[in-house]
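S.K.: for reference, the sequence and a predicted model appear below.
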Amino acid sequence: MARVNFTLGDIVVEAELNSSETARRILEALPIESSGSYWGAEFYFSVPVKAPQEKDAREVVEPGTVAYWPAGACLCLFWGPTPASQGDECRAASAVNLVGRVLNPEALPRLKARKVRVAAAD
């Protein structure tokens, strides 16, 4: 597992990526700078990574999930309901690859910035 930091304005979201093929491709592309959008309680942004949908891809994820959206070549941070959710679930627009977990999920609801930098943690 590799640690990475998502920096959005003055907030640093710390995460641990798993050992999946998609996570490996993301790590190889670091550092990544992008501009993202919010979709309910999800922040997503394009990354210079192409990866196919993995076998364990899913639409509903746990809060604090770091995921890769193959349909849009985006990384996503989830912390609550999106417009596609049923109830309080975290639901992506379509299946996402699970690539990691946020280590400080309490920071996610405070996100407001759109510019993001993803880099390996020191």
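M.R.: Cool, got the structure. Numbering: from 1, shown residues only.

S.K.: so what pLDDT did residue 8 get?
M.R.: At residue 8 the predicted local distance difference test score is 98.

S.K.: isn't it right up against residue 43?
M.R.: Yes. Counting by Cβ atoms under 8 Å, residue 8 does reach residue 43; the two are 7.5 Å apart. All C-beta spots, glycine's among them, are computed from the backbone N, C-alpha and C.

S.K.: what do those two both touch?
M.R.: Taking Cβ atoms under 8 Å, 6 or more residues apart in numbering as the contact criterion, the residues that touch both residue 8 and residue 43 are 111, 116.

S.K.: report the contact partners of the most centrally placed residue in the chain.
M.R.: The residue lying closest to the centre of the chain (Cα atoms, centre = their mean) is residue 76, at 2.8 Å. Applying Cβ under 8 Å, 6+ apart, we find residue 76 in contact with 42-44, 65-69, 92, 96.

S.K.: give the buried subset of the residues you listed as a ChimeraX selection command.
M.R.: With 16 or more other Cβ atoms under 10 Å as the burial test, the buried ones among the contacts of residue 76 are selected in ChimeraX as follows:
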select :42,43,44,65,66,67,68,69,92,96
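
S.K.: for the record, mean pLDDT for the lengthiest strand in the chain?
M.R.: Criterion DSSP state E: the longest strand present in the chain is strand 90-102. In this model, strand 90-102 has a mean pLDDT of 98.

S.K.: buried ones in that strand?
M.R.: Going by neighbour count (16+ other Cβ under 10 Å), the buried part of strand 90-102 is 90-93, 95-102.

S.K.: which one of the contacts of residue 76 is nearest residue 3?
M.R.: Closest approach between the contacts of residue 76 and residue 3, by Cβ to Cβ: residue 66, at 11.4 Å.

S.K.: residues contacting the residue lying closest to the closest one once chain neighbours are set aside?
M.R.: Nearest residue to residue 66, sequence neighbours excluded (Cβ to Cβ, 6 or more residues apart in numbering): residue 100, at 3.8 Å. Residues counted as contacts of residue 100 (Cβ under 8 Å, 6+ apart) are 1, 4, 15-18, 23, 65-66.

S.K.: pLDDT wise, what is the residue located most distally from the centre of the chain at?
M.R.: Among the C-alpha atoms of the chain, the one farthest from their average position, using Cα atoms, centre = their mean, is that of residue 87, at 20.9 Å. pLDDT for residue 87: 95.
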